[in-house]
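Novice: Sharing a model that was predicted from the sequence below.
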Amino acid sequence: MTEISGKVAFVTGAASGIGLALSKSLLGHGAKVMMSDIDEELLIKEFQSLNNPNVAMTVCDVSKPNSVSAAAEQTIKTFSKVHHIFNNAGVSLAGFPGKIALEDWKWITDINLMGVVYCTEKFLPLMLSHGESGHITNTASMAGHVAAVGMGPYFATKYAVVGYSEALRAELGTTNIGVSCLCPTWVKSNIHNTISKSPVAGKNDKYKKSKSYEIVKALIENGMDAEVYAELCIKGIKSDRLHIFNDPAAREAMTERHKLLQKDYDQNLVDLEK
Ligand SMILES: NC(=O)c1ccc[n+]([C@@H]2O[C@H](COP(=O)([O-])OP(=O)(O)OC[C@H]3O[C@@H](n4cnc5c(N)ncnc54)[C@H](O)[C@@H]3O)[C@@H](O)[C@H]2O)c1
């Protein structure tokens, strides 16, 4: 059983959507929470509205190692220790292959993948240093298990986060630090608008006219309440579950992918024997 009550949790992307809901759930389950986000204005607004002595905030851009180090220092200065990290900050990016600017590819990779790596590398030694149990929770996506058209860079980073989480879980198996990987589908948030912050595609509103933007926007707006998903996550983390899904409808697509993998694998074995 992973303990939450009385523990200190560092949450990235905490000013909106899933990160904000996780911060509220953690507080509700008795944790102390360091909320962090790149969006200072929104972070201050949400932090102040919580009005809770067990929460603090620090501005942090997860794509910048120096910013992550400063956030770690602030967390220790505020709460003395850290037990849980929620590597949740993320952005989306759509586009047809061959038409996606490399600067945008770098932008999404630096946040969605390297942000998780920077925080883990910085915080894990601090989590191990005091000997008390803790947990790393990485927000991937259902898009880390099944890929489709429209959002190649997003799928690539999320597959990477699933792989990294599984490797971390194996690596930390002999320690008292657990690892979970959040794999949500369609949770109410602002994720569909994060492309506006990308260095090239975000320069104009063209992306808003694409069919894939309209579809994703509608699915997000009609998605699961972030608070409901956050509670499901806390339940999964308490049970030390590796993958935390929320969408019964997406299971079939994952099964189809696994069937395809096995079919290709078996065919290759047949080819080997020829
Ligand atoms: N909402 C969904 O349906 C869904 C589905 C699958 C995965 N996810 C993942 O959930 C996570 C949270 O996203 P959300 O849906 O709550 O979206 P959101 O846009 O509401 O929240 C993301 C937060 O991350 C912050 N952020 C962006 N860049 C950052 C950076 N460089 N450093 C620090 N913070 C940064 C944003 O300011 C924002 O507050 C993301 O990793 C996203 O990919 C969401």
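Specialist: Nice, thanks for sending it over.
Novice: Could you tell me which residues of the protein lie near the ligand?
Specialist: Within reach of the ligand by CB under 6 Å from any ligand atom, the chain has these residues: 12-13, 15-19, 37-39, 60-63, 88-91, 111, 139, 141, 184-187, 189-191, 194, 220, 223. No exception for glycine: its C-beta is placed from N, CA and C like everyone else's.
Novice: Now which of these would you call buried?
Specialist: 12-13, 15-19, 37-39, 60-63, 88-91, 111, 139, 141, 184-187, 189, 191, 194, 220, 223 (16 or more other CB atoms under 10 Å).
Novice: Would you mind writing the CA trace of stretch 123-133 as PDB?
Specialist: C-alpha atoms of stretch 123-133 as PDB (Å, rounded to 0.1, in the frame of the first residue of the first chain):
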ATOM      1  CA  PHE A 123      14.200  14.500  -7.300                       C
ATOM      2  CA  LEU A 124      14.900  10.700  -7.000                       C
ATOM      3  CA  PRO A 125      18.200  11.200  -5.100                       C
ATOM      4  CA  LEU A 126      16.300  13.500  -2.700                       C
ATOM      5  CA  MET A 127      13.500  10.900  -2.400                       C
ATOM      6  CA  LEU A 128      16.000   8.100  -1.600                       C
ATOM      7  CA  SER A 129      18.100  10.200   0.800                       C
ATOM      8  CA  HIS A 130      15.700  10.000   3.800                       C
ATOM      9  CA  GLY A 131      14.900   6.300   3.500                       C
ATOM     10  CA  GLU A 132      11.100   6.800   3.700                       C
ATOM     11  CA  SER A 133       8.900   5.300   1.100                       C
END
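Novice: quick one: buried residues of that stretch?
Specialist: Under the neighbour-count criterion of 16+ other CB under 10 Å, stretch 123-133 has 123-124, 126-127, 132-133 buried.
Novice: thinking again about what came up before, just the residues of the chain next to the ligand: which are in strands?
Specialist: Residues of these located in strands (DSSP state E): 37, 139.
Novice: most remote residue from the protein's center?
Specialist: Within the chain, the residue lying farthest from the chain centre (CA atoms, centre = their mean) is K274, at 44.3 Å.
Novice: Show me the longest helix that occurs in this protein.
Specialist: Longest helix of the chain, by residue count under DSSP state H: helix 251-273.
Novice: can you list contacts of that one?
Specialist: Contacts with helix 251-273, where a contact means CB atoms under 8 Å, 6 or more residues apart in numbering, come from 142, 145-146, 245.
Novice: how about 6 Å then?
Specialist: Contact with helix 251-273 is made by 145-146, as judged by CB atoms under 6 Å, 6 or more residues apart in numbering.
Novice: what's the next secondary structure element after the lowest-mean-pLDDT helix or strand in the chain?
Specialist: Using mean pLDDT, DSSP states H and E, the weakest-scoring helix or strand in the chain turns out to be helix 211-221, at a mean of 90. Going down the chain from helix 211-221, the next helix or strand is helix 226-238, by DSSP states H and E.
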